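K.L.:
I would like the atomic coordinates for the input below:
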Amino acid sequence: MAKNLLTTFFILCILFTGCSKKPGSKKLPLTKKILENTILRALEGNKTANDSLSNLINYALPMEPNYTELSIDSSLVKDARVIFTVLMTFENPIYNRFAIYNPNMELELIDKSLNGQIYKEKLFLNGTHYIKLTEDFLSKDIFNLTRISLYKVDSTFVNLVFRTFSKLIDKGRIYTQDITEITNDEIKTKLNSTVRTSIQNKNDSFTYSSLTKRYTSSKNLFSNYISDLIEKARVKITLPIITDRQSALATVGITEDQIIKHDTPGAKLPAGFTISLSNTWNRFDNFMIRSHLLKGKEGTRFINNVIGTTISIIKIDDIENVNEYTNFPFINETNNRIKIKSTEKMIYGKSFYQLYEYIGKEVSYLLIINGSKYTYNKYESLYNEIINSFNIIKQK
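P.N.:
Coordinates of the predicted model:
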């Protein structure tokens, strides 16, 4: 059933770090009103506003300023952590957005795969904060579907941990999957239907993986059953239906060739460097990077929700020095294609971060890696390969 939906992530700074050198220009704390005004400017085509939101609006698509709902909430969660949630819906779901920002207006999560009427709910279960989204939408003109998504909010990251269909209504026949229990290790569900079916009075369970940060079921009884039901239905479709990227773009009157092309994570970047990353990493250009720095600067951020890691990269200009951005001493130095200096690996709780300076003949870059201590210990060789893959590209 995933084919009937649009298909398609982080570090918290509790307070703003630093202010400009000019007296009286101290940056105001982020509020719902400031965030709303920034979003509205981005919707009107203000690139600076959209850049500060880490490209919340996709300018590769035709502009659509007329939203049906814009909901912004702030929440105090674990360890005095503050997050801002943004839910924005449009008549055409290709524009729908659910995003979470920290008080530095740094993007922690974005979900572009939402459909229909969307409802948001906060949950606090077994000492864990969740945000629940419920979507009600139509499939193949006759099937009323409900899908639920759970986003887990911990001390450093926000992750989509659970997504499944929970209801289907077909000509008065109702098929349901209700959550009966949620723990940190497992989600249990109860399946039922108003007519005799193979899923009636069945149970399913979804087990949490700390590696993938998802609850998954080996059976996935309900989703498999209704997907098969919808797939086999012979229906004359009159309403637009989104089954893939091409049909999604067709709803706004464009083709793949007409959208703005973006490089893959491993390709040459406009910033003048390359780094070898798999397609599990999401890339955000023109990202305002402040975490673990004395002052912020726009750069490029890569986010991998699977291993819970971010890589942030900024260019050190000719008139700057790396010490303007960090007080941590660079104690290690290696020379391969370019000179690399690094700090010690800093540990805080279950996470770590480390800074690297890449020094070229004409330009230097600062890389900050931040992630899970567990995944670093398990995949240290992978982390080292990524760090060593960084290269500075001579710009023409």
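K.L.:
that's a helix at E320, yeah?
P.N.:
No. In this structure, E320 is coil, not part of a helix, as judged by DSSP: H, G, I helix; E, B strand; the rest coil.
K.L.:
confidence score at it?
P.N.:
Confidence at E320, expressed as pLDDT, is 86.
K.L.:
all strands for the stretch 101-250 of the chain, in order.
P.N.:
Here the stretch 101-250 of the chain has its strands, by DSSP state E, counting those that start in this stretch, at 107-111, 117-125, 128-139, 143-153, 158-170, 173-182, 186-193, 203-209, 214-216.
K.L.:
after the least confident helix or strand in the chain by mean pLDDT, which helix or strand is next? Please name it.
P.N.:
Here the helix or strand of the chain ranked lowest by mean pLDDT, DSSP states H and E is helix 245-250, holding a mean of 57. Next helix or strand after helix 245-250 toward the C-terminus (DSSP states H and E): strand 273-274.
K.L.:
could you pull up the mean pLDDT of that following strand?
P.N.:
Strand 273-274 shows an average pLDDT of 85 in the prediction.
K.L.:
what pairs with that strand, parallel or antiparallel?
P.N.:
Each strand paired with strand 273-274, and its direction, by DSSP bridges: strand 391-392 (antiparallel).
K.L.:
which residues sit against the partner strand?
P.N.:
With C-beta atoms under 8 Å, 6 or more residues apart in numbering as the contact definition, strand 391-392 has outside contacts at 272-275, 337-338, 358, 360, 363, 365. All C-beta spots, glycine's among them, are computed from the backbone N, C-alpha and C.
K.L.:
let me see the mean pLDDT of it.
P.N.:
Taken as a whole, strand 391-392 has a mean pLDDT of 86.
K.L.:
same check on stretch 297-317?
P.N.:
86.
K.L.:
give me the distance from that stretch to the chain's centre.
P.N.:
Relative to the chain's own centre, stretch 297-317 is displaced by 13 Å; criterion: C-alpha atoms, centre = their mean, to the nearest Å.
K.L.:
make a markdown table out of the strands of the stretch 101-250 of the chain and add distance to F284.
P.N.:
Shown next, in a markdown table, are the strands of the stretch 101-250 of the chain (distance: least, C-beta to C-beta, whole Å):
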| stretch | distance to F284 |
| --- | --- |
| strand 107-111 | 7 |
| strand 117-125 | 23 |
| strand 128-139 | 21 |
| strand 143-153 | 18 |
| strand 158-170 | 15 |
| strand 173-182 | 31 |
| strand 186-193 | 30 |
| strand 203-209 | 25 |
| strand 214-216 | 22 |
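K.L.:
give the bridge partners for the nearest residue to E181 once chain neighbours are set aside, please.
P.N.:
Nearest residue to E181 in three dimensions, chain neighbours excluded: K188, at 4.2 Å (C-beta to C-beta, 6 or more residues apart in numbering). Per DSSP bridges, the residues bridged to K188 are E181, S205.
K.L.:
OK, contacts around G45?
P.N.:
With C-beta under 8 Å, 6+ apart, G45 has these contacts: 59, 63.
K.L.:
so what pLDDT did it get?
P.N.:
81.
K.L.:
what does K236 give?
P.N.:
61.
K.L.:
swap in I11?
P.N.:
Looking at I11, its pLDDT is 28.
K.L.:
what of T212?
P.N.:
86.
K.L.:
my guess is it contacts N304, does it?
P.N.:
No. Look at T212 against N304 with C-beta atoms under 8 Å: they stay out of range, at 11.2 Å.
K.L.:
neighbour count: the two, which is higher?
P.N.:
N304 (20 against 13; other C-beta atoms under 10 Å).
K.L.:
which non-adjacent residue is nearest the more buried one?
P.N.:
W281 is the one closest to N304 (C-beta to C-beta, 6+ apart), at 4.9 Å.
K.L.:
near the closest residue to P93 other than its chain neighbours, how many other residues are there?
P.N.:
Nearest residue to P93 in three dimensions, chain neighbours excluded: N115, at 4.8 Å (C-beta to C-beta, 6+ apart). Applying other C-beta under 10 Å, we find 20 residues neighbouring N115.
K.L.:
if I look at N115, how far off is T134?
P.N.:
As judged by C-beta to C-beta, to the nearest Å, N115 and T134 stand 11 Å apart.
K.L.:
quick check: neighbours shared by those two?
P.N.:
R147.
K.L.:
where does pLDDT dip in the stretch 251-396 of the chain?
P.N.:
Under the criterion pLDDT under 70, the flagged ranges of the stretch 251-396 of the chain are 251-271, 336-337, 394-396.
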